[in-house]
Structure formats: C-alpha cells, structure tokens
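Student: Fold the stuff below for me.
(one chain, ligands or ions: 1)
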Amino acid sequence: MSQLVGSPMTSASATVVVPTAASGGGSTASAFSCCPGNGESSSIGEDSIEMSDSQGNNNTMYHNGYLEATQDYHFPKRPPVDIAFRDVRYTVKRFNLAKAKFESKEILHGLNGSFNSGELTAIMGPSGSGKSTLLNILADYVSAGVTGLVQVNGKSRGQNSQSFKKLSCYIQQHDALRPFLTVNEAMSCATHLKLGFSITREEKQKLIQKILFMLGLEQKGNTPTGGLSGGQKKRLSIALEMISNPPILFLDEPTTGLDSSSCTQCISLLKRLAQEGRTIVCTIHTPSALLFEMFDRLYTITSGHCFYQGPVRELVPFLGSLGYNCPSYHNPADFMMEIAVGEYGADVGKVIKAALKKYYEMSSECIKLDPIFDDNVKITEYNAEKASAKELELLQLKDTPGGDKLNLDLDGVGKAGDALCPEIHDTTRPASLVMQFLLLLYRSLLQLRRNYFLLFVRLFAHASVATLFGYIYQGVGPNANQVLANYVYLYGSMLMMVYTGKMAVVLSFQLEMESLTREHFNRWYKLGPYFLSVLVIEIPVQIACSLIYVVISYHLTGNYHTMERFLLFALFCLAGSISAQAWGFFVGATLSVKLAVFVGPILAVLFSVFGFCTRYSDITPIFKWMWHISYFRAAFHGILNSAYGMNREDLNCPETTIYCHFKNPVLFQKDMDIEHVDMEQNLVLIGSIIITMYIGTVFVLWYKLNKR
Ligand SMILES: Nc1ncnc2c1ncn2[C@@H]1O[C@H](COP(=O)(O)OP(=O)(O)OP(=O)(O)O)[C@@H](O)[C@H]1O
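Tutor: Reported below is the predicted structural model:
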C-alpha cells in the first residue's frame, strides 16, 4: 500500500482497476472504501466509478478506465479545524454623485454561524443575497468594511492572518488556470513552489500522480489546461490546492457552468474530502435534489440575513414548523429559495427571526447557559452593541479547543500550518524567494514557447515597420538637404519604440490578475519574485524587438556613420522603449482595462509633445516641469544628438542643390534648441523614471492583492 510523501496511513481504501470497455476494452471492478466493511455498492460510469457506502454517502472515485492494484488514495488526515463567526457585518462605502457625499450600505447584517470539520457546507441564497461576500470574509479574502468575530478552533482569527492562510485555500468561481501549461506542468510547478526543494523530485511526482488520480485527471497529464472541460478545470483547480493538503477549503460556486454529471462528480469529490476531516464550505446556486442531499450542512442567506442554518435534512421540518410545508416531490432547495424571496406569501422576516432564535438556542444548549436571545429584538436592530461582551465570552467558551483539535496560534505566523501537515510541512518549506523567481521564470518561458505566435507577431511587426520606414526615408541620413526628412524618421522611430513598448504590456497584469490573485492569495509565491519574472521575460523581448527595428531602419535610412553614433542611437531607443514599457506596467496595473488602453496612448502623446519641435523657451512656464520629466523628450534628444551632435562634420550637400541650410548640423541643433544635450543626464532621467514606475507598479499590485 503506498501513501503520500512521507505520510502515515490514516484510513484504508483500495482500488482495483482494469481498462473499461469505454477506454479500450475489458471490464472495471472497483472497491473504494472510506469506511471499510460498510457494504458499499458501486456503479460504473464512462470515466468514473460511483461508490456509495451503507449510509448512502456517495463516494465517487474518479479515473478514466485504468486501475491500479490496492492503493491508498486518501490524503493524509488533518487535525480538525472548525470555524465560527459572530455578528459579521460588511459595509461598503459608495460615493453618491447626486448628493456629492459618501454613503454607507450594509450588505451583511450581523451573521452568526459555525462550519465544522468533516462537513461539507453549502452557502445558498437568492442572487445578490451576500453568499460570495460571506465566503470572501470567512476566507479572509476581504477585510475592509468587515466587523465581527471570526474564530478558528475557538481563537479569534484577526484580519489578514498568515497562519490562517496556511490552513485554508480559496478557489474562486473562475478557473484562473494557465491555459498553455499542461496539467502535469501546472501541478509540477505548483508543487515545487508550495513544497520547496527539501523533498525529492520522485516524492513530488508520486504526490502529483496520486492527487491527479484522486481527482480523475490522471489521463489528462499532457493536456494543456486550456483544453480541459469545465468540470476538469474545476477539478484541476482543486488538485492544485490539494498539494499543500489544507484542512479548510472555500469554493465559490464550484458547480457553475458544469453539466449535471460534472456537478455530481465535483460535489462527490468535495464530500469525500470533507469526510476525511476537512472543513469545506462552498456557495452554490439551486442544486438538484440529489446534489442538495449530498451536503451535510446548509447556511442560507437572504438580503444579508441568515435564513436557515443547520443540517440539510432539518431544513424542511424547520420551514414546516413555521407553516411553510414543502410540497411533495418538490426539491427542498427550490422550495427554500422560493420562501427566501417571499413566494407563497411567506413572511421572510419571520423565518430570519426564527433562524436567529434557533441559533441562540443551539449555542446556549451547547454551552449549557441561558440563551441571550431577546424575543423583542428586531432583526434589523440586532447589532454589535447588542452582542454583549458576555455573549462573545460565551462563544469563546463554547469553542475552547480540546481533545484532538488543533490549537492554533493565530498570532504566531508559521506555526499552525507547519503543525497541521507533519508528513509534508515537517520536512518541507515553500520555495525560497530565489527559487520562486526561477520557477516562475521557467513557467513563463514554457508558456512563451507554447504561445510563440504573439512573440512572432511582435518581432515581425518591428521588422516590417523598420523596412517600411527604411524605404520611405531611404538614404536620408547623411544628406544636408534631407535633414527634416531624417528628423521625421528619428521622431517616428521614437514613437514606434514608445508605443510598442507601452502597449505590448499595458494589459499584461490585467489579463493575469485572476490567476495572480488566486495563486498569491493561496500563498504560492510572493509578489517580488513574480514581478521580477515578468520583467525578465518582457524586457529582453522588447529589447529584441527594438534592436530588429533599429538595425534594419538605421541602415536603410543611411544613418550609419560611426559605431559610436549607432550604439548611442540604439541605447536611447532601448531606454525610451523600456521606460515606456515601465509606464505601461504601471498604467495597466493601476487602471481598468478600458481606461488603461485609453490613458496609455494619451500619456505617450502628451510626453511626446515635449520632444518634437518644441523648444524649451517656447513652453508656457507652468508646464516647463513636464519637459524635465518627459522620458520621450530625453530619449528623443539622445537620438538626435547621436545623429547630429557630438561635433559631427558637415553633411553632404548634393551638387544639384544650390543651397543646403543645414550643411553644418550645428545650425540644425540650434534651430531645434538641442545644441546642448547632456546625454548622461538624459540617461539618468530615463533610468529614474523606469525605477519609479517599477516601484509604483509593485506598490499598486501589492495594494490590489492585499487590501480588499
Ligand atoms: N464592494 C461592493 N460594493 C458595492 N456593492 C457590493 C460590493 N460587494 C458586494 N456588493 C453587493 O452586495 C450584494 C451581495 O453580493 P454577493 O456577490 O455576495 O451576492 P451573491 O449572493 O454571491 O450573488 P450571486 O449569487 O448573484 O453571485 C450585491 O447586491 C452586491 O451588489
């Protein structure tokens, strides 16, 4: 019997697999057991085996028709982690334009409840009732505007607790996967990042294979994640987080967009993970009756109030006790939703009040003290002040950790998560910052290799425009009678550098934001290594594109004079392009997609004005500072100086031309007010702008990733 890397066996299960008819002939026989000897029954599907134990629990074992002899496919058991929350409120502030002031709106109105280990809990409610908001708060994904108490095994969690993040993972609705990585590559990269390098590659490989097998993805190892079905993507999202085997899983609408069979597979999987001792909480929309019954516990919200909480099987009796009887053959989930929106003339307030009363009765029963529920308190008036210190104290007593419960030190970063998973965390540490950078770089290179079309288009576009410009302004470089034509070529070159540099990256963080948020929130890596890995890919790509343009166009336009002038021209082109790129990162990280693609070019135009034909002395005094901070101007003056400055000798004046005004290039420099270009100063300015923009981008990303 094999087991996960270094882990003790915790429960028995066995699987015997031979190829199914659907997958190439033969037959499938399976024995999967969460509770051995319970008399399971099985039904064989095309690519999964449905298993039920004697309690009717549906334990689906996924695979695609290939079996292995007697193996354990359980994750190591985790110490239980229970979550309780009390008087959770969420308020948003919005600016009312008509009243010209900020207004507050409370979205969640003092929710109470608890989610226990070993249970699969559904958060349900009508659209807009606050399900995702509650999940976000419990997962600690949102903390701004939140008040109330969230406890983990009886201890206050606090906000932005790193220890809690080590215990939990949050899988959001959209499967933010990297479409160009294969399943194996995605898993392998996540494993290296999460488990570091203190366990062997073989051990990691074994772990990956087992997780993929458990989740029915073992046949999809070489499939790009972009080519997976919706259900497979969802399972891969879970698989990626199961690498660190967290005891708490939060999932936002894991079944949205899946067909009924994929929904059943997904919920069966979650149920089985819960049965292994995890606390699994997910939001869900109108499940079928079959799916609904698979949940252990239900937490229903309507308009930010708790409408029902408790075991799923007690929902119908609870509603019945209030006079709302579920018709025969009616899906209880549908009935509950209908009551929650006031259908059948239901008094929603009455149900909310009864749910609150039930909660307090259960709480007081549990701690053997008098309930503190005041029948006269209106639900809407129940607030933090009314939740007296005594009540909070009682809640602490109720959840005092004991027995085999994990005693979390939520203030001490790093302790809880390590203790939770001894089979992994005792021997492993997440990858170091340097390794994170190298792994992310490797992952980006893999994606670039798969998605080379975009890179090819960028290179091709630069070569094409260079050739076009080269022939439009062919041979103008050395001629005194074509100085203005060359001036336009040089200006066009700078525009090309700036626009391609900026626009190629202005959306890069926007497009990555979902994956970045998920991976960063679930502690795969830090922002620093991620940002550095992006730069290390994007800067060389932009340099390569720019160099292609520079080399082709510079030679075709006859600007090549000396190697020194060429190198300076190339240097300022690259500097201008990289600073525009840095601006692109910053604008893209700061603004929404629609604003970024609009504001990016506007900024480029604005700064370009201070280079082209604009003499410093002509600028209105209050805008002179813009001349000083314009990276476009600094780079453009740099390339002009490389062409006509630095004591360049007289230009060619063709014999057919009677008079060449700019035969001496100094005259041209004087006319353009650029006879004293300080090349070093310009480079320092551009370098400072690049660094400032990088710092600004990291700060904005950090803020977006950490402050919600
Ligand atoms: N940051 C916010 N600013 C303004 N309103 C918000 C904010 N967050 C949530 N809301 C509002 O709170 C309510 C609850 O939102 P939430 O996303 O939690 O609903 P939900 O029950 O998950 O809905 P659905 O099932 O449609 O996803 C909605 O009316 C939403 O507009």
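Student: OK, contacts around the closest residue in space to residue 293 that isn't next to it in sequence?
Tutor: Excluding the flanking residues, the one nearest residue 293 by CB to CB, 6 or more residues apart in numbering is residue 312, at 6.4 Å. All C-beta spots, glycine's among them, are computed from the backbone N, C-alpha and C. Residue 312 sits next to 122, 292-293, 295-298, 332 when contact means CB atoms under 8 Å, 6 or more residues apart in numbering.
Student: So which residue is dead centre in the chain?
Tutor: residue 517 (2.5 Å; CA atoms, centre = their mean).
Student: element containing that one?
Tutor: helix 508-521 (DSSP states H and E).
Student: The very next helix or strand once past that helix relative to helix 508-521, how many degrees between them?
Tutor: Heading C-terminal from helix 508-521, the first helix or strand you meet, by DSSP H and E, is helix 527-556. In terms of direction (axes from the mean of the first three to the mean of the last three CA atoms, to 10 degrees), helix 527-556 departs from helix 508-521 by 160 degrees.
Student: Show me which parts of helix 527-556 are buried, residue by residue.
Tutor: 527, 529-535, 537-539, 541-543, 545-546, 548-550, 552-554, 556 (16 or more other CB atoms under 10 Å).
Student: helices or strands up against that helix?
Tutor: Judged by 3 or more CB pairs under 8 Å, 6 or more residues apart in numbering; DSSP states H and E, helix 527-556 is in contact with helix 433-450, helix 452-472, helix 483-503, helix 508-521, helix 563-590, helix 679-706.
Student: From residue 602, how far out is residue 619?
Tutor: Going from residue 619 to residue 602 by CB to CB, to the nearest Å gives 19 Å.
Student: Torsion angles phi and psi at residue 192?
Tutor: phi -60, psi -40 (degrees, to the nearest 10).
Student: Just confirm it contacts residue 432, I think it does.
Tutor: No. Using CB atoms under 8 Å, residue 192 and residue 432 do not qualify as a contacting pair, with a distance of 11.2 Å.
Student: buried sites along stretch 114-123?
Tutor: Under the neighbour-count criterion of 16+ other CB under 10 Å, stretch 114-123 has 114-115, 117, 119-123 buried.
Student: for that stretch, how far is the first residue from the last?
Tutor: 12 Å (CA to CA, to the nearest Å).
Student: what's residue 341 in contact with, if anything?
Tutor: Contacts of residue 341 (CB under 8 Å, 6+ apart): 126, 302, 348.
Student: and residue 112, backbone torsions?
Tutor: Dihedral angles (degrees, to the nearest 10) for residue 112: phi -120, psi 150.
Student: burial count for it?
Tutor: Counted with other CB atoms under 10 Å, the neighbours of residue 112 add up to 22.
Student: what's near enough to touch it?
Tutor: If you count contacts by CB under 8 Å, 6+ apart, residue 112 has them with 85-88, 306, 356, 359, 363.
Student: run the last query once more with 7 Å
Tutor: Counting by CB atoms under 7 Å, 6 or more residues apart in numbering, residue 112 touches 85-87, 306, 359.
Student: With residue 248 instead?
Tutor: Counted by CB under 7 Å, 6+ apart, residue 248 has contacts 81, 167-168, 278-279.
Student: From those, which land in helices?
Tutor: residue 167 (DSSP state H).
Student: For residue 271, state which of the contacts of residue 248 is nearest.
Tutor: Distance ranking of the contacts of residue 248 against residue 271, using CB to CB, places residue 278 first at 10.4 Å.
Student: measure the closest one to residue 219 for me?
Tutor: Taken as CB to CB, the span from residue 278 to residue 219 is 26 Å.
Student: Done for today, thanks.
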